[in-house]
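Enquirer: Build me a model:
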Amino acid sequence: MERLSPLDAAFLAIEDEDPHASLAIASLAIASGPAPGQEEFAAAVTAGLAKVPRYRQKVRRVPLDLGAPVWVDDDSFDPAAHLRRLSVPAPHDDAALCELVALLMAERLDRDRPLWQFWILEGLPDGRWALLAKVHHCLADGISAAQLHQLLFTETPPPAAPAPQPDPGALRLLKSSLGDVVTGPFKQLRAIAGSLWHPRALAQRTTDVAHGLATLAEALMPVAPSSLTGPISGPRGYAASWVPLADVAVVADAFGVTHNDVLLAAITGGFREILVRRGEETAPDSVRSLVPVSVRAAGDRAIGNDVSLLLPLLPVDQPDPVQRLIRVHRRLLACKTGKEATAGKFVTAAASRGPFAPAAWALRAVLRLPQHNVVTVTTNVPGPAGPLTVAGREVLELYPYVPIALRVRTGVALLTYGDRVFVGVTADAGLAPEARVLADSVVSGLAALKAAATSSSSAATSSPGSGNSRRSVPNPKRT
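Expert: The predicted structure follows:
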């Protein structure tokens, strides 16, 4: 039996404690036409399922949370139950498509079945159609979901599908979990003893973790109250856009920052615009974002969640886009040097080595308390390494979807595919209806930054005696 990690299980717990949450992530692939028929589509997906055994498994909970949930084979698995199709309603445009995606993503996946669905959404202009690939967050994070796409939708021969294993039953699950309760502390002691053989490495890790925990403690101070956070309702809103990857690179190179800095600065401008439109104060401490950070080892292709986090405040108080970019860069750099991600990884690793029950009970108790620290989640995921096809049709565009929960009313996901960065914004349709504003802000914010980069470079080049086109451009790495 393969158990869920504490982080995987946490996504199930969040869904249990928030009645309006649906903790599924998704990608929306726009493909060239015509859309495949249901039999052709089912054959294409079924051929790829043997590459991903997890898609044939469901989650079984252990009584009283005495052990982590386990993945068990679904002995009545029927791929057809997970393959659906709908027509995009009139006027069959991108807005209607986004509205349909929001409606489908608000519905929870059935936990009595493997936790995924694929929807064909047909009827888009120019003969195009869309595939909405929906998986529960307990099954995959953004990076492993992209890897699943690569497996499912590239034409490689599938291996033979193994025969399903029988359900272990509640009694066996309970006995196995009780064994973990007994052996868990010994696993922790063994891990500590192993570290003692490398005292320098242990000292450095201890220092990094202590530093990271102190930084995280500072980041968990409540933000200034605003309408951006609060209990969420049932309906969802979704909006999408894209920007050229080359434009992101131009800005990053001109100002000496990362691609992620550029995109997060553009998103920050969108949150500032929403606060201004609502007549609310753009306070320096009004918007803190949870930024997931992958902590996977190079080449790790395991399914599941392997992420930590950064918790920067977004500088929505700054009206100038270039100054916003510089502040975003500095704040992310401070989070990284403050070892926030190291501390987050330590917490999840410690939870995985100890008994599951106390950690699960503590998490559920915490989830019942209203959080006032995080306003949004912003995630940037590298997409598939190469072009994708679905049933032989080329995937032209690939938009991400990130769920919202726990008083976080908006989420922004970024995904690189080909030569573009695709943006997907999820929002509470009733209480935070500006998903379109945030999606458009990435486009307009990047355009403003590119114009500033071009203007600064041109001014530096044309100035007398200038031999360096970047001389007049403020470089936050050096200041």
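Enquirer: Can you tell me the closest non-neighbouring residue to Ala31?
Expert: Nearest residue to Ala31 in three dimensions, chain neighbours excluded: Arg393, at 4.3 Å (C-beta to C-beta, 6 or more residues apart in numbering). Bear in mind the C-beta positions are built from the backbone N, C-alpha and C, glycine included.
Enquirer: which residues touch that neighbour?
Expert: Listed by C-beta atoms under 8 Å, 6 or more residues apart in numbering, the contact set of Arg393 reads Ala31, Ser32, Gly33, Ala35, Pro36, Trp129.
Enquirer: just Glu122 next, same as before
Expert: Neighbouring residues of Glu122 by C-beta under 8 Å, 6+ apart: Ala35, Arg85, Leu86, Ser87, Val88, Trp129, Ala130.
Enquirer: Now the phi/psi pair for the spatially closest residue to the last one that is not a sequence neighbour, please.
Expert: This points to Ala130. What sits nearest to Ala130 in space, not counting adjacent residues and going by C-beta to C-beta, 6+ apart, is Leu121, at 4.2 Å. Phi and psi for Leu121, reported as degrees, to the nearest 10, are phi -120, psi 110.
Enquirer: swap in Asn380?
Expert: Here Asn380 shows phi and psi, under degrees, to the nearest 10, equal to phi -120, psi 120.
Enquirer: Can you name the residues that contact it?
Expert: Contacts of Asn380 by C-beta under 8 Å, 6+ apart are His259, Asn260, Leu263, Leu264, Ala413, Leu414, Leu415.
Enquirer: Could you do Pro433 as well?
Expert: Gly237, Ala427 are the contacts of Pro433 under C-beta under 8 Å, 6+ apart.
Enquirer: Is it correct that it falls within a strand?
Expert: No. Pro433 is assigned coil when assessed by DSSP: H, G, I helix; E, B strand; the rest coil, not a strand.
Enquirer: Please enumerate the strands of the stretch 1-150 of the chain.
Expert: Per DSSP state E, counting those that start in this stretch, the stretch 1-150 of the chain carries strands over the ranges 2-3, 24-31, 57-60, 70-73, 83-87, 116-122, 129-136.
Enquirer: Relative to Val295, which of these is closest?
Expert: strand 24-31 (17.8 Å; C-beta to C-beta).
Enquirer: Direction included, what does that closest one pair against?
Expert: Strand 24-31 sits in its sheet next to strand 129-136 (antiparallel), strand 393-401 (antiparallel), going by DSSP bridges.
Enquirer: To what extent is Ile251 buried, counted in neighbours?
Expert: In this structure residue 251 is Val, not Ile. Val251 has 28 neighbouring residues, counting by other C-beta atoms under 10 Å.
Enquirer: For it, which residues are in contact?
Expert: Contacts of Val251 by C-beta under 8 Å, 6+ apart are Val257, Val262, Leu325, Leu446, Leu449, Lys450, Ala453.
Enquirer: Filter the contacts of Glu122 down to the buried ones, ChimeraX style.
Expert: Selecting only the buried entries of the contacts of Glu122 in ChimeraX, with 16 or more other C-beta atoms under 10 Å as the criterion:
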select :35,85,88,129,130
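Enquirer: Is Leu415 within a helix or a strand, and which one?
Expert: When elements are assigned from DSSP states H and E, Leu415 belongs to strand 410-417.
Enquirer: I'd like the distance from that strand to the chain centre, please.
Expert: 7 Å (C-alpha atoms, centre = their mean, to the nearest Å).
Enquirer: Which strands or helices does the helix or strand that it is followed by pack on?
Expert: Following strand 410-417 in sequence order, the next helix or strand is strand 420-428 (DSSP H and E). On a contact count with 3 or more C-beta pairs under 8 Å, 6 or more residues apart in numbering; DSSP states H and E, strand 420-428 meets strand 236-244, helix 245-255, strand 393-401, strand 410-417, helix 435-462.
Enquirer: returning to that earlier point: relative to Ala341, which of the contacts of Glu122 is nearest.
Expert: Ala130 (34.1 Å).
Enquirer: Pretty sure that closest one sits against Gly33.
Expert: No. Ala130 is beyond contact range of Gly33, at 10.7 Å (criterion: C-beta atoms under 8 Å).
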